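Participant: Return atomic coordinates for the entry below.
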Amino acid sequence: MDVVLEIVDTYIGDYIYAWAHPAHPTSYEFLNNNSNSTELFSSSWQYKTANPYFEVTPSKYAYMSAWDRDNVYRQAISLYLITWIFGFLLYFIFATLSYVFVFDKNTKNHPKYLKDQMRLEILQTNKSMPGMALLTTPCFLAEVRGYTKLYSTPADGPGLWYEILQYPIFIVFTDALIYLIHRGLHHPSVYKYLHKPHHKWIMPTPYASHAFHPVDGFAQSLPYHIFPLLFPLNKFASVFLFIFVNFWTIMIHDGEYVADSPVINGAACHTMHHLYFNYNYGQYTTFWDRLGNSYRKPDANLFQKEQKMSEAQWKKQVEETEKMVKEVEGVDDRSYDPHESKKKN
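Facilitator: All right, here's what the predicted structure looks like:
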């Protein structure tokens with residue numbers, strides 16, 4: 001995250017902080033100063049790139065704020081805004097692409113599809129993103145300030161062999177912790193307060209992928225931040241994995257059942273979780289669900305286009321879903337879109 005912060009500081013942050021909290025007593029005089037000299041400013045900060053592959057040379061404005069780039073308050077504010085804004089853009093762009101090119105629009109005809117569901121999913125995400133970003137900021141701040149085992153180049157890590165091995169280790173570790181956390185969120189004493197907002201979407205669209213209660217969303221992301229505290233991780237791999245995790249979260253909510261696999265926890269497996277609640281808690285694989293006796297194999301018909309959206313399949317899903325809603329939530333307070341008024345897509 002320090003590389004991302006450096007780029008954002010160079011092109012945006014330095015200018016904003018130089019204007020908002022200037023080092024020179026004459027707050028606006030420096031804006032008309034055409035000199036590249038930094039002698040008028042008291043900053044003791046010295047530029048040292050966080051990126052070993054290419055530098056983004058800072059402008060004079062990097063030295064013109066009372067809060068230099070190493071200031072913990074500035075870093076915290078910047079990381080919060082990056083996490084919030086970049087996270088939302090990542091979500092909205094990928095979810096929209098998934099909705100346009102992947103999502104089966106016939107899902108909107110399902111009896112358990114909610115009235116104005118997509119709007120509500122996006123609204124829930126918008127409400128939760130600031131809170132999730134706030135909770136995530138200390139984790140990224142710890143990374144930037146050197147409290148993790150992130151490293152810059154293969155030469156700084158355990159060895160070239162680890163550059164490949166870190167990815168499966170990350171997947172196995174986070175998959176195990178997410179399973180435990182996700183299953184814990186279904187405990188009756190926790191579910192109705194934290195996890196219920198995400199289970200509002202019985203037949204989710206890609207926009208439901210980040211529509212969580214903010215504490216729920218952060219709790220399920222926590223394993224990603226614990227990993228570099230315990231294990232070495234290339235900082236560029238860390239950024240890639242952050243994007244991948246968000247992309248995967250969208251894919252398992254896209255309603256396109258491709259991965260008919262006993263190993264991969266794909267969209268079909270995760271749809272079983274949204275329909276029937278107490279199954280398929282895993283993120284990437286079915287291993288922990290099998291071990292924890294919570295795996296439910298998706299119906300074979302879900303992988304047949306005609307059968308997937310058949311009235312018989314939907315009737316079966318509705319009957320069992322209503323039993324599970326009554327068992328888990330008691331009263332169903334959702335507002336469904338009347339089936340007869342839905343338009344065929």
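
Participant: tell me which element residue 268 is part of?
Facilitator: Counting by DSSP states H and E, the element that carries residue 268 is helix 267-276.

Participant: What helices and strands are in contact with that helix?
Facilitator: The helices and strands touching helix 267-276, judged by 3 or more Cβ pairs under 8 Å, 6 or more residues apart in numbering; DSSP states H and E, are helix 311-328. C-beta: built from backbone N, CA, C; applies to glycine.

Participant: residue ranges for the helices of the stretch 1-150 of the chain, please.
Facilitator: Assigned by DSSP state H, counting those that start in this stretch, the stretch 1-150 of the chain shows helices spanning 2-8, 14-20, 72-101, 117-144.

Participant: Any idea which of these gets closest to residue 292?
Facilitator: Taking Cβ to Cβ, helix 117-144 is the member of the helices of the stretch 1-150 of the chain nearest to residue 292, at 26.3 Å.

Participant: Buried residues, that closest one. List them.
Facilitator: 117-118, 120-122, 124-125, 128-129, 131-133, 135-137, 139-144 (16 or more other Cβ atoms under 10 Å).

Participant: So what are the sheet partners of the very next helix or strand once past it and their directions?
Facilitator: Once helix 117-144 ends, the next helix or strand along the chain (criterion: DSSP H and E) is strand 150-151. Neighbouring strands of strand 150-151 in its sheet, by DSSP bridges, are strand 233-234 (parallel).

Participant: just how off-centre is the partner strand within its chain?
Facilitator: 19 Å (Cα atoms, centre = their mean, to the nearest Å).

Participant: Could you do stretch 113-120 as well?
Facilitator: For stretch 113-120, the distance to the chain centre is 21 Å (Cα atoms, centre = their mean).

Participant: got it, and stretch 160-177?
Facilitator: Taking mean C-alpha positions (Cα atoms, centre = their mean), stretch 160-177 and its chain are 18 Å apart.

Participant: any idea how this structure splits into domains?
Facilitator: 2-70, 96-341 (automatic domain parsing).

Participant: rank those by pLDDT, which is bottom?
Facilitator: Mean pLDDT is lowest for domain 2-70 among those, at a mean of 78.

Participant: and that one, how far apart are its ends?
Facilitator: 11 Å (Cα to Cα, to the nearest Å).

Participant: ditto for stretch 187-200
Facilitator: 16 Å.

Participant: returning to that earlier point: could you identify which of the domains of the chain is most buried?
Facilitator: domain 96-341 (a mean of 17; mean count of other Cβ atoms under 10 Å).

Participant: on that earlier part again, and after the helix holding residue 268, which helix or strand comes next?
Facilitator: helix 287-291.

Participant: Show me what that following helix is packed up against.
Facilitator: Packing partners of helix 287-291 (3+ Cβ pairs under 8 Å, 6+ apart): helix 160-185.

Participant: counting contacts, what elements does the helix it packs on pack onto?
Facilitator: So helix 160-185, by 3+ Cβ pairs under 8 Å, 6+ apart, packs with helix 214-230, strand 233-234, helix 235-251, helix 287-291.

Participant: following it, which helix or strand comes up?
Facilitator: Helix 160-185 is succeeded, C-terminally, by helix 188-190 (DSSP H and E).

Participant: now what about that next one, what contacts it?
Facilitator: Outside helix 188-190, the residues within contact range by Cβ atoms under 8 Å, 6 or more residues apart in numbering are residue 184.

Participant: Tell me who's in contact with the nearest residue to residue 202 once chain neighbours are set aside.
Facilitator: Using Cβ to Cβ, 6 or more residues apart in numbering and skipping residues adjacent in sequence, the residue nearest residue 202 is residue 112, 4.1 Å away. Residues near residue 112 by Cβ under 8 Å, 6+ apart: 202-203, 275, 317-318, 321, 336.

Participant: Same list (those) but as CSV, adding distance to residue 74.
Facilitator: Formatted as CSV, the contacts of residue 112 follow (distance: Cβ to Cβ, whole Å):
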residue, distance to residue 74
202, 44
203, 44
275, 46
317, 51
318, 53
321, 49
336, 48
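
Participant: Give the other helices and strands that the helix or strand that contains residue 306 contacts.
Facilitator: Assigned by DSSP H and E, residue 306 belongs to helix 305-308. Packing contacts for helix 305-308, counted by 3+ Cβ pairs under 8 Å, 6+ apart, involve no helix or strand.
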